[in-house]
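**Q** Sequence and computational prediction follow.
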Amino acid sequence: MADVLIVGAGPVGLTLAAELARHGTRCRIIDKLPKPSPYCRAIGVTPRTLEVWDDMGIARAMIDAGIWITGQRSIIHPHAPKDELLELSDLPYSQLGLPQYETERLLTQHLNQFGLQVERGVTFASLGQDANQVEVELEGASGKTERSAFQYVVGCDGAHSAVRHELKIPFEGEAFPMLFMLGDVQIAWDLPRGMALRALRLIEDNAPDMFIAVPLPEPGRYRVSMLAPPELAKSGGTDHGLQSELPGPDLSQLQAIADDLVPQWPQLSDLRWSSIFRISMRLAKAYRAGRAFIAGDAAHIHPPTGGQGMNTGIQDAYNLAWKLALVTQCKAPDRLLDSYEAERRPVGADVVARTRAASEGYGREKAGKPDRLADTQLLVSYRATRWVRDDAQDLDPAIPVAGDRAPDVTGLLRQGIGFPVRLFDVLRGTGHVLIVHLSHGPSAEIIAGVINLAQDLRARFGSQVRVVAIGDTESADAFGLACYRDPDGAFARAYGQDSAMFLVRPDGYIGWRGDLSIRDGLIAHLDQQLRSPAG
């Protein structure tokens, strides 16, 4: 019997299924659609999502299938066009453009490598749960009903989530009154490859006239979006998302908006698909009800400004997967699952609020240089939640604290390895990693203490916690402790000059931070979240 049922095989459900499998937990994943959607609903992939895919082992495949977003040309009538370049070269990854159907294709291939297939044409009908399991009713494509039991169920089934409805979780918010339209077209113009375009005519107290074009990997192709004209707006459609039951715009309707707003009248051609869609802003009141969870659009929907939606959902799944895997394998107490909502719902709320504000002020941004990291999702933090702990009171306040993302570092060296190593390579895996920073030439006594701590953690938690040292010595290697030198000071610049310890969770966030003399806090934190192999 599978431990977890995942309802919905979009990017969020596929990520969750693959991560559960990588962490050693059995699952089933179903989707009511007989085949994947051909529509390009989401394109932008944030640097943080690429870090997630890096850990999963699929970043290179995604990058090879995508296109780097290099910036945006803004045309706000009656002003001259302005090019704004995106400069993220100091980060592990930049902003990628990848159509959602390609994201789903590659995630499905990755999932298949674990021996898992999406069960298509299977509809979630109902669930009932008690303290030990969730019983669900599923309907196959032939109409045959199946009743099965699982330890947990996760609804990744979109804005109209049947799982959320069955759990009676309120989905609070409202819809934008205007209707939009999308299209996948070829455009003949001088816009440099990788640049997006937005052309706006601001209207007082109303949404601006707009023509938005986001580049697709195929040369000369773009996904365009704009307000729907009155004749389409009258056709109806009240739900969030694509109005697939209604006719989409034809090429002439898209061309008319481009002619009105884009100088030199670029020629649109080869319309592959089009649709009309609505935007809502809603946040689920809870992300968990007993043994059932929701993630992605089932939990939060918002305007596409900044490309945050799919990325936030993928990171929901990445956060939940390692916790579910530990609990289903009896390596962590069930209470660890409470941290999913505690950490991810505030992120969803922030995204809804920020994208709403950005959409309402679209084209009216204040003068000045925008925060280049605002839409990277690298600044997401779980600081001050009860699931992280910071025992380092006197360290540099500029360095990462408990709850922050653990930043990457390059140029680390290890004895016997003839090339530099990234910190992300050191951290990669499914367990917690305790980084011990040994600065200023640590004494033999300090090194012995670190080795003793590593042995104690191994005895308590087995392979769930791994210890690595980074510092000015390689002698710890002789005692079975992985030790890396930091010859260029890159680690010290990112994590501080002082000796300290950072416990990095499987999702790349710092769960605990302290100095070398503090062990009780580390053990207490791990005891809250993990069970020893013996009990």
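**A** Now that the structure is in, tell me what you want to look at.

**Q** List the buried residues of stretch 328-342.
**A** If you call a residue buried by 16 or more other CB atoms under 10 Å, then stretch 328-342 has these buried ones: 328, 331-332, 336-337, 339-341. Heads up, the C-betas are built off the backbone N, CA and C, glycines and all.

**Q** got any ranges where the stretch 351-500 of the chain has weak pLDDT?
**A** 358-370, 394-395, 473-479 (pLDDT under 70).

**Q** mind listing the strands in it by residue range?
**A** 389-390, 432-438, 465-471, 482-485, 500-504 (DSSP state E, counting those that start in this stretch).

**Q** Quick check: which of those strands is buried the most?
**A** Compared across those, strand 500-504 shows the largest average neighbour count, a mean of 24 (mean count of other CB atoms under 10 Å).

**Q** Give the pairing partners of it; include direction for each.
**A** strand 432-438 (antiparallel), strand 510-514 (antiparallel) (DSSP bridges).

**Q** out of the ones you listed, nearest to Asp391?
**A** Each of the strands paired with strand 500-504 has some distance to Asp391 by CB to CB; the shortest is strand 510-514, at 3.7 Å.

**Q** now the next helix or strand after that closest one against strand 465-471, angle please.
**A** Note on strand 510-514: by DSSP states H and E, the next helix or strand toward the C-terminus is helix 520-529. Between helix 520-529 and strand 465-471, the angle comes out at 150 degrees (axes from the mean of the first three to the mean of the last three CA atoms, to 10 degrees).

**Q** And for helix 520-529, what's in contact with it?
**A** The contact list for helix 520-529, computed with CB atoms under 8 Å, 6 or more residues apart in numbering, reads 332-333, 336, 387-389, 391, 432, 434, 457, 460-461, 465, 501, 503, 511-512, 514.

**Q** Same check on stretch 223-234?
**A** Under CB under 8 Å, 6+ apart, the answer for stretch 223-234 is 40, 43, 99, 178-185, 187, 207, 209-214, 216, 249, 253-254, 256-258, 268, 276, 304.

**Q** Contact partners for Ile437?
**A** Just to correct that, residue 437 is His rather than Ile. 469-471, 491-492, 495-496, 498-502.

**Q** quick one: which of the strands of the stretch 351-500 of the chain is nearest Trp68?
**A** Closest among these, using CB to CB: strand 500-504, at 27.7 Å.

**Q** Tell me how far Gln151 lies from Leu324.
**A** Distance, Gln151 to Leu324, by CB to CB, to the nearest Å: 9 Å.

**Q** Of those two, which one has the most company?
**A** Shown here are Gln151 and Leu324; by other CB atoms under 10 Å, Leu324 has more neighbours (27 against 20).

**Q** Shouldn't that one be within a helix?
**A** Yes - assigned with DSSP: H, G, I helix; E, B strand; the rest coil, Leu324 falls within a helix.

**Q** what residues are up against it?
**A** So Leu324 contacts 4, 20, 25, 152, 154, 337 (CB under 8 Å, 6+ apart).

**Q** now the residues you listed in TSV, with distance to Phe424?
**A** Formatted as TSV, those follow (distance: CB to CB, whole Å):
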residue	distance to Phe424
Val4	27
Leu20	21
Thr25	23
Tyr152	29
Val154	27
Leu337	26
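
**Q** Who wins on neighbours among the residues you listed?
**A** Neighbour max across the contacts of Leu324 (other CB under 10 Å) = Val154, 34 neighbours.

**Q** just checking, which of the contacts of stretch 223-234 belong to strands?
**A** 180-185, 187, 207, 209-214, 268, 276 (DSSP state E).

**Q** out of these, who has the most neighbours?
**A** That'd be Ala213 among the ones in strands among the contacts of stretch 223-234, by other CB under 10 Å, with 27 neighbours.

**Q** Just list the residues touching it, thanks.
**A** By CB under 8 Å, 6+ apart, the contact set of Ala213 is 187, 191, 196-198, 222-224.

**Q** Sketch out the low-pLDDT regions of the chain for me.
**A** For the chain, counting by pLDDT under 70, the residues that fall below are 1, 232-246, 305-307, 358-370, 394-395, 473-479, 534-535.

**Q** So which elements touch the helix ranked longest in the chain?
**A** Identified as the longest helix of the chain according to DSSP state H is helix 338-360. Helix 338-360 is packed against strand 280-284, strand 288-289, strand 300-301, helix 309-328, with contacts defined by 3 or more CB pairs under 8 Å, 6 or more residues apart in numbering; DSSP states H and E.

**Q** who does the second one pair up with?
**A** In this case it means strand 288-289. strand 292-294 (antiparallel).

**Q** measure the most centrally placed residue in the chain to Asp270 for me?
**A** Nearest residue to the geometric centre of the chain (CA atoms, centre = their mean): Gln315, 2.8 Å. Gln315 sits 35 Å away from Asp270, going by CB to CB.

**Q** residues shared between the contacts of Gln151 and Leu324?
**A** Val4.

**Q** Return the set of buried residues in stretch 272-290.
**A** Neighbour-count burial for stretch 272-290, with 16+ other CB under 10 Å as criterion, is recorded at 274-284, 287-289.

**Q** Between the residues you listed, which sits nearest Thr49?
**A** Of the buried residues of stretch 272-290, the one sitting nearest to Thr49 (CB to CB) turns out to be Tyr287, at 19.2 Å.

**Q** Verify the stated contact: the closest one with Arg345.
**A** Yes - counting by CB atoms under 8 Å, Tyr287 does reach Arg345; the two are 5.3 Å apart.

**Q** Now do the shared contacts for the two.
**A** In contact with both Tyr287 and Arg345: Ala299, using CB under 8 Å, 6+ apart.

**Q** Please tell me how far Ala524 sits from Asp259.
**A** 66 Å.

**Q** Ser74 too?
**A** From Ser74 to Asp259 the distance is 19 Å (CB to CB).
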